[in-house]
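Asker: Here is my input, please return the structure:
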Amino acid sequence: MDMEPFSRLVESMPAVNTRKNFYKTFPKHVTLIEVGPRDGFQFEEKTVPTALKLEMIMRLVDAGFKNIQVASFVHPGKVPQMADAEKLLSALSGISGVAFSALTLNMAGVERAISSNLADIEVSISASNRHSLNNTGMSADAALKMGLKMVALSKRHGMNVRAGIQCAFGSGYDEAISEDQIATMAKDLITAGADMLCLADTTGMATPLTVHQILCSVRPVAGNFPIILHLHDTRGLGLANVMTAMSCGVSHFDTAFAGMGGCPFIQGAAGNIATEDTLYLLSSLHIETGLNLSKIAACSRDLDVFFGKRFSGKLYRHCA
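Answerer: Residues are numbered from 1 along each chain as shown. Below is the predicted model of the structure:
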């Protein structure tokens, strides 16, 4: 095949500032919310002592994090790793400048959060009927009604409320979850008084296409309302989904050090997108985060030793 005509055509094209065009839709600053102390630890069988949790959280603060999800108010029989939620939050209560949050799935969890004088709470419900039944014992419809009451109660007690929609990109079960359903849930939660919206890829089923589609459906009802993406890397598309979300205007992402985590109620669900890998990606794009990669990676390597295993993150073992 004669490539000369093609070569001449390329040479004749006007110069394009590739970097400028590539970056133009990306945010200049991205906020990473570390969820390893909650979503990461809850997935592990070996109990993490409260003292070690505190050490890791304070090292994350030293690495620059301003938002860390440290616990969940759930039944200790189902998630034993979170049994020390009140004790942990009490120990963190005197630290200023950092939003320490906890996740709740029902009214009992909100009431525990209120008793703990928690300032930042996530009210999380599932778009999947089957997942909701497995996770909370409630249908998706019942969970949404309960979730709206949870948001209202939390706001009455002065808390900053992040409303989470689990399985926003698919459940892994034989059921349809439409874009309109996610948009309607988002609108209801925002109307109830939530301060932020989190779309969770609980099963790791999201693709760049579905991320774009869901965000296009949710954005009209959310307006300028802040949206967080909680992405898992089950099928290896986590960072590709980050890129797509940023091109759609998203600038807040949950990550977990070393790629820890997973959903106990989803078979085969892999960990969250790794903090270190996401931070490296953002740094390569000259997007600011205010975080220290080497300090975060040091935490992950110490957890490698504690748990006696290697996690799914790619970079934490190599960032000295």
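
Asker: which residues in the stretch 201-320 of the chain form strands?
Answerer: 227-231, 252-255 (DSSP state E, counting those that start in this stretch).

Asker: Which residue ranges of the stretch 1-150 of the chain form strands?
Answerer: 31-34, 67-73, 99-104, 120-126.

Asker: just to revisit the earlier point, nearest to L89 among the strands of the stretch 201-320 of the chain would be which one?
Answerer: Of all the strands of the stretch 201-320 of the chain, strand 252-255 sits nearest to L89, with 18.9 Å by C-beta to C-beta. Every residue, glycine included, has its C-beta placed from N, CA and C.

Asker: Now do that closest one, average pLDDT.
Answerer: The pLDDT scores in strand 252-255 average 98.

Asker: same check, this time on stretch 225-240
Answerer: 94.

Asker: Select, out of the strands of the stretch 201-320 of the chain, the one closest to L197.
Answerer: The nearest among the strands of the stretch 201-320 of the chain, by C-beta to C-beta, is strand 227-231 at 5.2 Å.

Asker: still on that earlier bit, and the strands of the stretch 201-320 of the chain as TSV, adding distance to S154 and mean neighbour count?
Answerer: Below are these laid out as TSV (distance: least, C-beta to C-beta, whole Å; neighbours: other C-beta atoms under 10 Å):
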stretch	distance to S154	mean neighbour count
strand 227-231	17	25
strand 252-255	19	26
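
Asker: Now render these as TSV, adding distance to A192.
Answerer: Below are the strands of the stretch 201-320 of the chain laid out as TSV (distance: least, C-beta to C-beta, whole Å):
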stretch	distance to A192
strand 227-231	16
strand 252-255	20
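
Asker: right, and S90 touches S116 too?
Answerer: Yes - S90 is within contact range of S116, at 7.1 Å (criterion: C-beta atoms under 8 Å).

Asker: Of those two, which one has the most company?
Answerer: S116 (19 against 13; other C-beta atoms under 10 Å).

Asker: Next one: that one from L32, what distance?
Answerer: As judged by C-beta to C-beta, to the nearest Å, S116 and L32 stand 25 Å apart.

Asker: Please apply the same query to V161.
Answerer: 20 Å.

Asker: Repeat that for N67.
Answerer: Taken as C-beta to C-beta, the span from N67 to L32 is 8 Å.

Asker: Give me the more crowded residue out of these two.
Answerer: L32 (22 against 18).

Asker: how about that one, what does it touch?
Answerer: F65, N67, F253, D254, T255, T275, T278, L279, L282, T289, L291 (C-beta atoms under 8 Å, 6 or more residues apart in numbering).

Asker: ends of stretch 57-67, how far apart?
Answerer: 11 Å (C-alpha to C-alpha, to the nearest Å).

Asker: ok, and for it, which residues are buried?
Answerer: For stretch 57-67, the neighbour count (16 or more other C-beta atoms under 10 Å) marks I57, R59, L60, V61, A63, G64, F65, N67 as buried.

Asker: Over to stretch 88-102?
Answerer: Under 16+ other C-beta under 10 Å, the buried positions of stretch 88-102 are L88, L89, A91, L92, V98, F100, S101, A102.

Asker: same deal with stretch 219-236?
Answerer: Those would be R219, V221, A222, F225, I227, I228, L229, H230, L231, H232, D233, T234, for stretch 219-236 by 16+ other C-beta under 10 Å.
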